[in-house]
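**Student:** just a sequence and a predicted model for now, questions to come.
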Amino acid sequence: MLAKTYGCAVFGVSANLITIETHVGQGSKCYLVGLPDSTIKESIQRVESALKNTGFFFPRRKVIINLAPADIRKEGSAYDLPIALSILEASEQVELKGLDEYVIMGELALDGTIRAIKGALPIALEAKNRGITKLILPEENAIEAAMVEGIEVFGLSHLRETIQFIRNKITIAPTYVDVHALFGESHDSFDVDFSQVQGQEAVKRAFEIAAAGGHNLIMIGPPGAGKTMLAKRLPTILPPFSLPEALEVTKIHSVAGKLMGKHALLTHRPFRSPHHTISNAALVGGGSFPQPGEISLAHHGVLFLDELPEFNRNALEVMRQPLEDRNVFISRAKWSLEFPANFMLVASMNPCPCGYYNHPNKDCVCGPGQVQRYLNRISGPLLDRIDMHIEIVPVQFEEMSTGRAAESSEFVRKRVMEARRIQQNRFIPFPKIHSNAMMSSQQVNEFCHLDQASQQLLSVAMDKLQLSARAFDKIRKVARTIADLAKSSHIQSEHIAEAITYRNLDRENWAG
């Protein structure tokens with residue numbers, strides 16, 4: 001007898017509908033076909049044990065299980081549950097009417113318990129696109145999948161329970177999620193705040209500008225100056241997620257297996273801080289079965305690279321294209337895909353190997369040329385793609401001990417959001433542009449007009465700092481953001497002057 005049900009193969013950040021066909025006939029062997037990986041091939045042992053411990057048996061006849069379309073590679077353990085159910089139907093151990101009306105995914109434990117899977121949200125989206133409105137998923141993934149409107153998601157915990165449900169022996173209500181209520185639960189709650197940072201007013205100002213325009217930023221300063229502390233507080237002043245952004249980022253984290261239990265919807269912009277030993281594939285994505293990398297997990301959020309010169313240079317260089325295009329293309333011989341990567345890059349570094357070059361109180365012990373060689377670990381093209389360079393000096397004791405309350409993230413965030421609203425109105429004709437940092441050269445020329453005094457000031461800076469054409473555009477973008485924060489419709493010379501000060505690493509003889 002032939003039985004059929006549906007599952008989904010997650011590939012990149014989307015899913016493809018898979019038909020699971022099972023035929024039981026004369027013979028004695030089990031064949032699993034349709035380009036399954038080794039994890040799926042091992043499912044036969046898991047399914048056999050789960051069936052036995054649920055009161056059924058694995059048929060000792062010829063069993064053919066086909067995962068169609070057969071030319072798409074399948075991976076993972078999430079096919080256990082649909083394979084087990086289709087075997088029960090095909091071997092006529094139990095009648096499962098309507099099995100082909102569901103998309104079913106779940107990993108089976110040996111006792112029949114259903115374990116969580118990755119990618120429940122893209123699976124639900126694919127099911128809806130294909131016109132299938134009923135999903136059976138592990139209980140832990142039900143809330144995540146139920147965020148897709150127009151489908152019924154049934155979260156189940158055991159194979160026996162699933163069989164009884166399909167046979168209408170028990171009634172289980174579909175999982176319901178109030179997406180807007182879930183989205184607003186912890187929208188504005190943070191564990192850290194800029195009010196906890198004493199001093200560093202100039203650096204806070206730079207962070208406000210970066211947040212308002214979505215600009216990439218690098219901090220240069222000695223150990224203990226507060227670089228990491230400031231970077232961790234950047235998400236607290238970024239504009240809150242819109243619901244489409246939250247769903248888009250949640251889908252990426254779902255595919256990567258980063259969502260667990262009740263945290264089915266990300267309500268805060270992601271902050272990713274990978275270690276400097278990270279590989280190229282882990283940073284940008286890829287692998288035998290492609291997975292999103294850190295730059296995609298930081299989509300619509302912040303990617304913080306602490307101690308930037310310590311990262312593998314090849315890993316840093318592969319970020320150059322995503323920083324410009326805001327997505328990353330992974331191409332191999334048999335497949336190619338695109339991961340979104342619209343993130344803010346925030347990096348930090350010491351000014352030299354010992355960390356105390358230009359320190360007001362401590363002497364640098366680095367030898368001749370060491371400082372420049374240390375800076376040269378970061379390529380010029382990568383630095384060129386970072387809009388703002390900030391030099392940080394340690395906070396003095398008198399500043400730390402004043403006890404004076406610093407400005408909270410809430411007030412800074414309001415100014416940032418007001419500047420973003422100005423930008424949204426400006427870019428209404430350009431639906432893919434959401435901030436000043438995303439402007440193309442053509443849009444920079446259109447929206448960043450300079451008066452004569454500003455042009456002369458920028459001309460001197462270009463000549464003295466030997467800036468590239470890309471840096472020329474970066475300065476104008478930052479100046480446009482400074483003008484937006486000041487609610488000025490035109491870029492003034494003081495806006496250009498402040499933007500130029502955020503190109504510290506371009507200064508002549510900065511490193512001696």
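**Tutor:** Here it is on my side, so go on. Keep in mind that this is a model prediction, so the values were computed, not measured. Numbers count the residues shown, from 1 in each chain.

**Student:** can you classify residue 472 by secondary structure?
**Tutor:** Three-state call for residue 472 (DSSP: H, G, I helix; E, B strand; the rest coil): helix.

**Student:** nearest residue to it in space, please, no chain neighbours.
**Tutor:** residue 462 (6.1 Å; Cβ to Cβ, 6 or more residues apart in numbering). All C-beta spots, glycine's among them, are computed from the backbone N, C-alpha and C.

**Student:** swap in residue 26?
**Tutor:** Using Cβ to Cβ, 6+ apart, the closest residue to residue 26 is residue 62 (6.0 Å).

**Student:** residues near that neighbour, how many?
**Tutor:** Under the neighbour criterion other Cβ atoms under 10 Å, residue 62 is assigned a count of 14.

**Student:** show me the contacts for it.
**Tutor:** Residues counted as contacts of residue 62 (Cβ atoms under 8 Å, 6 or more residues apart in numbering) are 24, 25, 26, 27, 28, 29, 30, 31.

**Student:** now the nearest residue to residue 468 once chain neighbours are set aside: how far from residue 459?
**Tutor:** Distances taken as Cβ to Cβ, 6+ apart put residue 384 closest to residue 468, at 5.5 Å, once the chain neighbours are dropped. Shown here: residue 384 relative to residue 459, a distance of 19 Å by Cβ to Cβ, to the nearest Å.

**Student:** show me what contacts the closest residue to residue 488 other than its chain neighbours?
**Tutor:** Leaving aside its chain neighbours, residue 488 sits nearest to residue 495 (7.2 Å; criterion: Cβ to Cβ, 6+ apart). By Cβ under 8 Å, 6+ apart, the contact set of residue 495 is 454, 479, 480, 482, 483, 486, 488.

**Student:** now residue 63
**Tutor:** For residue 63, the residues meeting the contact criterion (Cβ under 8 Å, 6+ apart) are 22, 23, 24, 29, 30, 31, 87, 90, 91.

**Student:** picking up where we left off before, got a PyMOL select line for the buried ones in the contacts of residue 62?
**Tutor:** Applying 16 or more other Cβ atoms under 10 Å to these, the buried members can be selected in PyMOL as follows:
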select buried, resi 24+30
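
**Student:** could you find the lowest-pLDDT member of the contacts of residue 62?
**Tutor:** Of all the contacts of residue 62, residue 28 carries the smallest pLDDT score, 85.

**Student:** name the element that residue belongs to?
**Tutor:** If you go by DSSP states H and E, residue 28 is not part of any helix or strand.

**Student:** is residue 276 in contact with residue 316, as I believe?
**Tutor:** No: contact status for residue 276 versus residue 316: not in contact, 10.0 Å apart, counting by Cβ atoms under 8 Å.

**Student:** my guess is residue 290 contacts residue 10. True?
**Tutor:** No: distance between residue 290 and residue 10: 9.9 Å, which falls outside the contact criterion (Cβ under 8 Å).

**Student:** those two: which is more packed in?
**Tutor:** Ranked by neighbour count (other Cβ under 10 Å), residue 290 and residue 10 place residue 10 first, with 26 against 20.

**Student:** and the more buried one, its phi and psi?
**Tutor:** phi -90, psi 130 (degrees, to the nearest 10).

**Student:** returning to that earlier point: of residue 276 and residue 316, which one has the most company?
**Tutor:** residue 316 (20 against 14).

**Student:** looking at this, that one is in a strand?
**Tutor:** No: with three-state DSSP as the criterion, residue 316 is helix rather than part of a strand.

**Student:** now it: how far from residue 381?
**Tutor:** From residue 316 across to residue 381, the span is 10 Å (Cβ to Cβ).

**Student:** ok, the residue nearest to residue 304 when sequence neighbours are not counted - contacts?
**Tutor:** Distances taken as Cβ to Cβ, 6+ apart put residue 273 closest to residue 304, at 4.4 Å, once the chain neighbours are dropped. Counting by Cβ under 8 Å, 6+ apart, residue 273 touches 231, 303, 304, 305, 306.

**Student:** repeat for residue 35
**Tutor:** 67, 70, 71, 72, 73, 74.
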